[in-house]
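Asks: Have a look at this fold, sequence not included:
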């Protein structure tokens, strides 16, 4: 589910970085408010545990294949949403830097798609709301399954939106969506079952390790939201999102273009000979970094591609030659200084 | 070699690479991080048909690879990892984008093929740039650079702890899996009946170990932050490194340098 750098445009990457940093700031603030010095080392070691747990292949019955854990829902059920989110951010950072798994530029997207939904939606909306009237085996199973499926569906939906907004694929939105969502539904079910199995084991062995166990079992909290209400909120959110999809998928002109067409008979008005307008247009041409959402002079790429490729190879050979020469000289110098 | 052994090997390779060979002061990790981010940003900013521009960005990788003696075999392994996901997203391009791009000897190359190729190159270059960063800088120094970026100290502490305990947990997991395989031969993964117990046991061991780690940290004077030695670096080299690379990369992005050079030979 990791996105690579090639799949995101800089604007999309920047937006997702901003969203993820906001969630990160909120989580750090909450952890600082808890003033529990032990929590940070425990979270660090837990991050290593999740990383190790992701390496285990679980047999999927009846299919002959195997799946693995992502860990968002598991972490939020063990540490809580904020601590879980921070831990998963660390796992993603380590995967990005140490194993080049998921891009540096796409890190904001990956944090949002996996850690934010997994921990905040899964932990706050599903786990907390379902467990606040006391824990039971059935509730743990239901919360794990529902949380994992929902968070993976949201993650897959976000990937689709981010990839399409970046203009990477020629696939129509609905086709891309119809490929992504069912795959992640299957992955979500497997993830949910693994998460449930682990949490049920811990519920039997050491229930105090589950997030909110002591709080929820000591007294039944009379919260504002019941499980049913939570499901209704999620359903409403899904309907709103679906509405958003239909707007995005529409090939009709937008509101302004439609109005222009109705009034003037064309979506765009031709420039007039007014001198101020022409001066402003010239200034805009000079200052616009991305005219018509493309880099300047990019229209000439068809003509210059071939010569460009030849140039690249010439420069590469030159650079490689120079580097080898410099390396040879450096080694010679080092050998000379060692001998002296 | 399975996933775990590969991960442990990757960590050891990264540890071995970034030790400066000549013992001299090196480039500040923040400079390396900034140049890498700029490089990736420029690579992904090329439009989907600008294959020559993207190809030109290989210059950075070639120079870094040769100068720091990075293993080409390891680079190919990294490339292999991302080819599948990137190809899956771009595979539809040749089917939907069928406009003719150019012709070579009667064979028409369509735009979709060019955009797929550009996408693959972007993916490969970005992964290799990240790989160059980690092997030339090292994880602890990257954490130092992130701290310079004012990332919260809690996050940096967790990252450093994670890196230190990763190998221990992976080896522990390997032992557990080995024991499971001996008892359950010819099984592809962990059976559904033992999913909970297997990962649960690992988790309980983790929690116990975390307690021990915390106690030992307290005994060594832990007060909430991770104090690491600041890396030795030279300001002159660091500034020069940034200035040169920013100049080269930005000029490659803004001017058709390679087309101009290519025209000289055609």
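Replies: The structure has been received and is ready for your questions. Treat the numbers as computed from the prediction; the structure is a model and nothing was measured.
Asks: Return the residues in contact with residue A:156.
Replies: By Cβ atoms under 8 Å, 6 or more residues apart in numbering or on different chains, the residues touching residue A:156 are A:1, A:180, A:181, A:183, A:184. The way it works is simple: take the backbone N, C-alpha and C, and place the C-beta from them, glycine included.
Asks: all helices for the stretch 51-200 of chain B, in order.
Replies: B:51-56, B:58-67, B:72-90, B:93-96, B:111-137, B:139-148, B:153-183, B:195-219 (DSSP state H, counting those that start in this stretch).
Asks: For the first one, enumerate the helices and strands it packs against.
Replies: The contact analysis (3 or more Cβ pairs under 8 Å, 6 or more residues apart in numbering or on different chains; DSSP states H and E) places helix B:51-56 against helix A:301-339, helix B:111-137, helix B:235-254, helix B:257-265.
Asks: How about the fourth one?
Replies: Applying 3+ Cβ pairs under 8 Å, 6+ apart, one finds that helix B:93-96 contacts helix B:111-137.
Asks: show me where pLDDT drops low in the chain?
Replies: Picked chain A for this. Residues of chain A that meet the criterion pLDDT under 70 lie in A:57-68, A:217-312, A:315, A:338-340.
Asks: Chain B, not that one
Replies: Applying pLDDT under 70 to chain B picks out residues B:1, B:17-25, B:224-230.
Asks: Okay, the residue lying farthest from the centre of it and residue A:14: tell me how far apart.
Replies: For chain B, the residue at maximal distance from the C-alpha centroid (Cα atoms, centre = their mean) is residue B:106, at 40.4 Å. Distance, residue B:106 to residue A:14, by Cβ to Cβ, to the nearest Å: 44 Å.
Asks: Now the phi/psi pair for residue A:133, please.
Replies: The phi/psi pair for residue A:133 (degrees, to the nearest 10) reads phi -100, psi 20.
Asks: What about it, how many residues nearby?
Replies: Residues lying near residue A:133 (other Cβ atoms under 10 Å in any protein chain shown) number 15.
Asks: I'd say it and residue A:212 touch.
Replies: No - using Cβ atoms under 8 Å, residue A:133 makes no contact with residue A:212, being 11.4 Å away.
Asks: ok, back up a step: can I get the helices of the stretch 51-200 of chain B in CSV including distance to residue A:160?
Replies: Formatted as CSV, the helices of the stretch 51-200 of chain B follow (distance: least, Cβ to Cβ, whole Å):
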stretch, distance to residue A:160
helix B:51-56, 24
helix B:58-67, 30
helix B:72-90, 10
helix B:93-96, 16
helix B:111-137, 16
helix B:139-148, 30
helix B:153-183, 29
helix B:195-219, 30
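Asks: Deepest in the core, which of these is it.
Replies: Mean neighbours per residue, mean count of other Cβ atoms under 10 Å in any protein chain shown, is largest over these for helix B:51-56, with a mean of 25.
Asks: Return the residues of the stretch 101-250 of chain A in contact with chain B.
Replies: Proximity of the stretch 101-250 of chain A to chain B, by Cβ under 8 Å from any Cβ of the partner chain, involves residues A:101, A:103-105, A:163, A:167-172, A:175, A:193-194, A:196-202, A:205-206, A:209.
Asks: So the chain: which segments form each domain?
Replies: Because you didn't say which chain, this covers chain A. What automatic domain parsing lists as the domains of chain A is A:5-249, A:255-285.
Asks: My question was about chain B, not that one.
Replies: Split by automatic domain parsing, chain B gives B:3-149+B:234-265, B:153-219.
Asks: what about the shortest one, distance to the chain center?
Replies: Read it as domain B:153-219. Relative to its chain's centre, domain B:153-219 lies at 24 Å (Cα atoms, centre = their mean, to the nearest Å).
Asks: Tell me the span between the first and last residue of it.
Replies: Separation of the first and last residues of domain B:153-219 by Cα to Cα, to the nearest Å is 20 Å.
Asks: do stretch B:8-19 and chain A meet?
Replies: Yes - using Cβ under 8 Å from any Cβ, stretch B:8-19 reaches chain A at B:10, B:11, B:14.
Asks: Residues contacting that stretch, please?
Replies: By Cβ under 8 Å, 6+ apart, the surrounding residues in contact with stretch B:8-19 are A:98-99, B:1, B:68, B:70-71, B:74, B:134-139, B:141, B:163, B:166-167, B:170-171.
Asks: thinking again about what came up before, residue A:142: which of the helices of the stretch 51-200 of chain B is closest?
Replies: Proximity to residue A:142 (Cβ to Cβ) singles out helix B:195-219 among those, at 15.8 Å.
Asks: Tell me the helices and strands packed up against that closest one.
Replies: Using 3+ Cβ pairs under 8 Å, 6+ apart, the elements in contact with helix B:195-219 are helix A:39-53, helix A:173-205, helix B:153-183.
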